[in-house]
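1. Here is a sequence together with a model predicted from it:
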Amino acid sequence: MNRLSRTLQSLRAHALAVASLCVVALAPAQGVGGGGGGSVLANGVLANGAPVTFQHLAQAPFQSSYQATRVRRFLGSNSEIVQVREQLMLQGDGTRDSAFRLDFLDLIGSIPPSATAQAVWSEVYRNNAGLLHMHGGFHVTDPALAQQNYQIFDFGQATRIGRGVRRIVVFPTRTDKGIWVLDLDVVTGVALYTGEYDSQLRLISELETTSFALMGSAIQVSSRGATKPAWSWRPRMTVSRFGDLQSANMRLGVFVPLQPAIGGTVSDYRQQFVQVTEDPVNGDQTVVLGYSDGIDEFFILQSRSGGNPFLDHIATATITSSAAHAIASYDDRAMRAYVFHEAGTIYWVVGSGSLQRLKDVSFRLCQQAVTGN
Amino acid sequence: MNESSMSAACRAFARELAAHVDALRQQGAMSAHAVVCPSCARRVKLAAALGDHLGGPPTVPVELSSPAFLASIHERAIDTFERTPVGVQLTDALRVVAPVEQLPWPLQVAEDRLAARLAEPVRANPAWLWRQARARAVSQPQRRTASVGMLAAVAASVALLAVFGWRIGRSEGTTTDLQIVFVPVSELPSAMHPTAALRLGVVR
């Protein structure tokens, strides 16, 4: 128990250090700006100063309809900070499937981007808006699971872009995950600032809102389940979600994906979704299994391939026997990926850079793919 | 964050900052604009302080000159290098493989790397030894029994190999007969991850 209290004290000290870091960097705390009127939330949790819960963090981003201009900062390949300005429009219907649109505006830097760079970025956003919106940044995918794996530290009220915010730190119970600093708008509960730090308090990513405008003031019940508006983003690929892998198998034909037996390695994660992505051009299918601990996510992808793409690339010097199986591994502070090929299927294990256990996950998956158990 | 807005007077002051710093050092007094403008007063004091710090080489901490500190830097560099693709390949290339005759039985059996050594001509023994062995073999009345015993020994060794297996040149990633090797790659693969998607836009 003494050891547990020491650990929790150390975690709290860590969280305070992160918050101190952010107080210096972010807007100074002032009186609560409020937002005029009451919160659009049922009980106006944030405006009344009541504790912030994971349930609230999961629901708030999809309760309101708003338009926000944001600066997204992330780590480039050489650990340099890259800044992109984007615009998010969201029509909240209370669910994660709320209609949205995420557009690239411009690249922030000392040198104005060329027309080519602008076109490339626009294409990246057009193709990956869903990935960025649903999986980039802070999201609570499972409040109950998040409650088990994280703690919320409340650092009181502040002001951002003229709006009152509640500043909180979401701290993981394990050190191989990111630490999140959030500024939550007291009126809508939407995060106007999210910053992700690794266990050594180094910045991994940021999403800073520079302008925020509500569109409508309440959830339109009639909008739930309605066809999405014409302006909302649609994926280029055909995406189908299933409750489990058995249901997805019916969509896949002869391709039978593996059900990963990785629970022992990542016991704090649960499978959150099963998705089949189909390329309309060539019909290639990919099975995507999403795992989450309530906030952090990693993905296991499986897709059919014609042959082993690594035959000519992986150094054979490290393989001492023709019976060896190679896993290509990449990792940096922001992300890590493990890729291998077995029996005509390419397997990917992809997640955040902090989660070193993904190496064990990929090893176990490869073992399973080769031996069948 | 809000952009700072400087007046024309402040901009003019900043353009001549070096001269104002010199004047502060020599005369000990602020220029007229700095007296009325707190921002510019702070600016000139900061510049003067920084100039003092940058004027000469910093004092080297005593710890940096200790051999133990240098050794720890070397160790860290070597540890880091060992994990790079070049380091992994060097480790493999420099791995010492014992000659066949020095390996304990039953490791003295063919593995790819050792097969070449087995094919090498056996070191020459004296001719009289071969003559003696041949004569003895020809005159042995229980030669048939001896050969059966030899076959039994070979069969037992094969059985032992099948049961226990052998490991030579173990690779990272597995300790079982199933060899799984992690091969680090330096280029980010096109993966389903927000960071990977965003890096697609970084035009080099």
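-> Received it, and whenever you're ready, just let me know what you need.
2. For the residue in the stretch 1-150 of chain A that chain B sits nearest to, which non-adjacent residue is spatially closest?
-> Per C-beta to the nearest C-beta, the residue of the stretch 1-150 of chain A with the smallest distance to chain B is A:G136, at 3.2 Å. C-beta: built from backbone N, CA, C; applies to glycine. With C-beta to C-beta, 6 or more residues apart in numbering or on different chains as the measure, B:P194 is the residue that lies nearest to A:G136, at 3.2 Å, once sequence neighbours are left out.
3. What are the neighbouring residues in contact with that neighbour?
-> A:74, A:128, A:131-132, A:135-137 (C-beta atoms under 8 Å, 6 or more residues apart in numbering or on different chains).
4. cool, and A:S65?
-> Remark: with contacts taken as C-beta under 8 Å, 6+ apart, A:S65 is in contact with A:90-92, A:214-216.
5. same question, A:R72
-> For A:R72, the contacting residues are A:83-86, A:132, A:136, A:205-207, B:198, taking C-beta under 8 Å, 6+ apart as the criterion.
6. Check B:M30 too.
-> B:M30 sits in contact with B:20, B:24, B:41, B:44, where contact means C-beta under 8 Å, 6+ apart.
7. What is the nearest of those to chain A?
-> For chain A, the nearest member of those is B:A41. The distance, counting by C-beta to the nearest C-beta, is 22.2 Å.
8. coming back round to it: could I get the contacts of B:P194 as JSON lines with pLDDT and secondary structure?
-> Listed next are the contacts of B:P194 as JSON lines, based on pLDDT from 0 to 100; DSSP: H, G, I helix; E, B strand; the rest coil:
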{"residue": "A:F74", "pLDDT": "93", "secondary structure": "strand"}
{"residue": "A:N128", "pLDDT": "92", "secondary structure": "helix"}
{"residue": "A:L131", "pLDDT": "93", "secondary structure": "helix"}
{"residue": "A:L132", "pLDDT": "94", "secondary structure": "helix"}
{"residue": "A:H135", "pLDDT": "93", "secondary structure": "helix"}
{"residue": "A:G136", "pLDDT": "92", "secondary structure": "coil"}
{"residue": "A:G137", "pLDDT": "90", "secondary structure": "coil"}
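9. helix, strand or coil for A:F104?
-> The local conformation at A:F104, judged by DSSP: H, G, I helix; E, B strand; the rest coil, is strand.
10. gap between A:V350 and chain B?
-> Here the criterion is C-beta to the nearest C-beta, to the nearest Å. By it, A:V350 lies 5 Å from chain B.
11. That residue contacts A:A337, correct?
-> Yes - under the criterion of C-beta atoms under 8 Å, A:V350 makes contact with A:A337 at 4.7 Å.
12. Now list the buried members of the contacts of A:S65.
-> The neighbour count (16 or more other C-beta atoms under 10 Å in any protein chain shown) marks A:90-92, A:214 as buried among these.
13. From the residues you listed, pick the one nearest A:V287.
-> Here the nearest of those to A:V287, counting by C-beta to C-beta, is A:L90; it sits at 28.3 Å.
14. How much space separates whatever residue of chain B ends up closest to chain A from A:E297?
-> Per C-beta to the nearest C-beta, B:P194 is where chain B lies closest to chain A, at 3.2 Å. Counting by C-beta to C-beta, to the nearest Å, the gap between B:P194 and A:E297 amounts to 10 Å.
15. joint contacts of the two?
-> A:H135.
16. picking up where we left off before, compare A:V350 and A:A337 and say which is more crowded by neighbours.
-> The residue with more neighbours, out of A:V350 and A:A337, is A:A337; 28 against 24, by other C-beta atoms under 10 Å in any protein chain shown.
17. how much space between the more buried one and A:F299?
-> Distance check for A:A337 against A:F299: by C-beta to C-beta, it reads 10 Å.
18. what sits in contact with each of these two?
-> Overlap between the neighbourhoods of A:A337 and A:F299 consists of A:348-350, B:193, taking contacts as C-beta under 8 Å, 6+ apart.
19. mind giving me the domain ranges of chain B?
-> The record assigns chain B these domain ranges, following automatic domain parsing: B:8-55, B:66-116.
20. Throw the ones you listed into TSV and include distance to A:L258 and mean pLDDT, thanks.
-> Listed next are the domains of chain B as TSV, based on distance: least, C-beta to C-beta, whole Å; pLDDT from 0 to 100:
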stretch	distance to A:L258	mean pLDDT
domain B:8-55	60	86
domain B:66-116	28	71
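21. Highest mean neighbour count out of these?
-> Counting by mean count of other C-beta atoms under 10 Å in any protein chain shown, domain B:8-55 has the highest mean neighbour count of the domains of chain B, with a mean of 13.
22. Quick check: pLDDT value at the residue of chain B closest to chain A.
-> We note a pLDDT of 89 for B:P194 in this prediction.
23. A:R6 too?
-> Confidence score, pLDDT, at A:R6: 48.
24. repeat for A:I108
-> Taken from the predicted model, the pLDDT recorded for A:I108 is 89.
25. Count residues in the vicinity of the residue of the stretch 1-150 of chain A closest to chain B, would you?
-> Using other C-beta under 10 Å, A:G136 has 21 other residues around it.
26. In contact with it, which residues?
-> For A:G136, the contact set (C-beta under 8 Å, 6+ apart) comprises A:72, A:205, A:207, B:194-195, B:197-198.
27. Export those to JSON lines and append columns for secondary structure and distance to A:F54.
-> Formatted as JSON lines, the entries for the contacts of A:G136 read as follows, by DSSP: H, G, I helix; E, B strand; the rest coil; distance: C-beta to C-beta, whole Å:
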{"residue": "A:R72", "secondary structure": "strand", "distance to A:F54": "24"}
{"residue": "A:S205", "secondary structure": "strand", "distance to A:F54": "20"}
{"residue": "A:L207", "secondary structure": "strand", "distance to A:F54": "19"}
{"residue": "B:P194", "secondary structure": "helix", "distance to A:F54": "21"}
{"residue": "B:T195", "secondary structure": "helix", "distance to A:F54": "24"}
{"residue": "B:A197", "secondary structure": "helix", "distance to A:F54": "27"}
{"residue": "B:L198", "secondary structure": "helix", "distance to A:F54": "27"}
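28. Please identify which of those is nearest to A:Q272.
-> The shortest separation between A:Q272 and any of those is 15.8 Å, and it belongs to B:P194 (by C-beta to C-beta).
29. What separation do you get for the closest one and A:S205?
-> Distance check for B:P194 against A:S205: by C-beta to C-beta, it reads 8 Å.
30. Overlap of the contact sets of these two?
-> Taking C-beta under 8 Å, 6+ apart as the contact criterion, the common neighbours of B:P194 and A:S205 are A:74, A:136-137.
31. where does the stretch 251-373 of chain A have low pLDDT?
-> Scanning the stretch 251-373 of chain A for pLDDT under 70 picks out the ranges A:306-324.
32. which stretches of it form helices?
-> With DSSP state H, counting those that start in this stretch applied, the stretch 251-373 of chain A shows helices at A:358-371, listed in chain order.
33. re earlier: which one among the contacts of A:R72 gets closest to A:M237?
-> Nearest to A:M237, judged by C-beta to C-beta, of the contacts of A:R72 is A:L132 at 14.9 Å.
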